[in-house]
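Peer 1: return a 3D structure for these sequence lines:
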Amino acid sequence: MQTTITARHCEISEELRARATEVLARLGSVVNRPVEGTVVFDVAPTQATAEIRLHGGRGDDFFATGEDKDHRSALDRAEEKIRRQVEKASARRGRGAKDAV
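Peer 2: Residues are numbered from 1 along each chain as shown. Got it, this is the predicted structure:
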């Protein structure tokens, strides 16, 4: 899976960049044939945001935004949201759809 980590209007540490890569790897393991994963960090006037975009091989696109006081917490919130989307999508296809491929 191709991963891209971007920071808009802010600087992020190498530790946070590594954490974002880990999150994408975890999410990629539950998505059917992941193609591309992107994390975009940004700063609003009152809070930090993290956007996660995940593109699967069968046209599955997932997107979630997390907001909190710091980027790490915002990333965790976005991961929770996108994980729920992935679980709903796999439930719609039927249980064990990933294993059948």
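Peer 1: can we go C-alpha only for contacts and neighbour counts from here?
Peer 2: Will do.
Peer 1: please enumerate the helices of this structure.
Peer 2: Here the chain has its helices, by DSSP state H, at 14-30, 71-93.
Peer 1: would you indicate which residues of stretch 29-41 are buried?
Peer 2: By neighbour count on 16 or more other CA atoms under 10 Å, the buried set for stretch 29-41 is 31-41.
Peer 1: list the contacts of it.
Peer 2: With CA atoms under 8 Å, 6 or more residues apart in numbering as the test, stretch 29-41 has contacts from 1-8, 10, 20, 24, 28, 48-58, 71, 86, 98.
Peer 1: Leu16 against Ala74, yeah?
Peer 2: No. Assessed by CA atoms under 8 Å, Leu16 is found out of contact with Ala74, at 11.3 Å.
Peer 1: and the two? which has more neighbours close in?
Peer 2: Using other CA atoms under 10 Å, the more surrounded residue of Leu16 and Ala74 is Ala74, with 20 against 14.
Peer 1: list the contacts of the more buried one.
Peer 2: 48-50, 65-68.
Peer 1: how about the one helix or strand in the chain whose mean pLDDT sits lowest: buried residues?
Peer 2: Counting by mean pLDDT, DSSP states H and E, the weakest-scoring helix or strand in the chain turns out to be helix 71-93, with a mean of 90. Buried residues in helix 71-93, counted by 16+ other CA under 10 Å: 71-79, 81-83, 85-86, 90.
Peer 1: who does Val40 bridge with?
Peer 2: Per DSSP bridges, the residues bridged to Val40 are Thr6, Glu51.
Peer 1: per-residue confidence at it?
Peer 2: Confidence at Val40, expressed as pLDDT, is 97.
Peer 1: re the thing from before, just the buried residues from the contacts of Ala74, in ChimeraX please.
Peer 2: The buried residues among these can be selected in ChimeraX (16+ other CA under 10 Å) with this line:
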select :48,49,50,65,66,67,68
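Peer 1: now pLDDT too, for the contacts of Ala74, in CSV please.
Peer 2: Compiled in CSV, the contacts of Ala74 are given as follows (pLDDT from 0 to 100):
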residue, pLDDT
Ala48, 95
Thr49, 96
Ala50, 96
Thr65, 96
Gly66, 96
Glu67, 95
Asp68, 95
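Peer 1: from the contacts of Ala74, which land in strands?
Peer 2: 48-50, 65-68 (DSSP state E).
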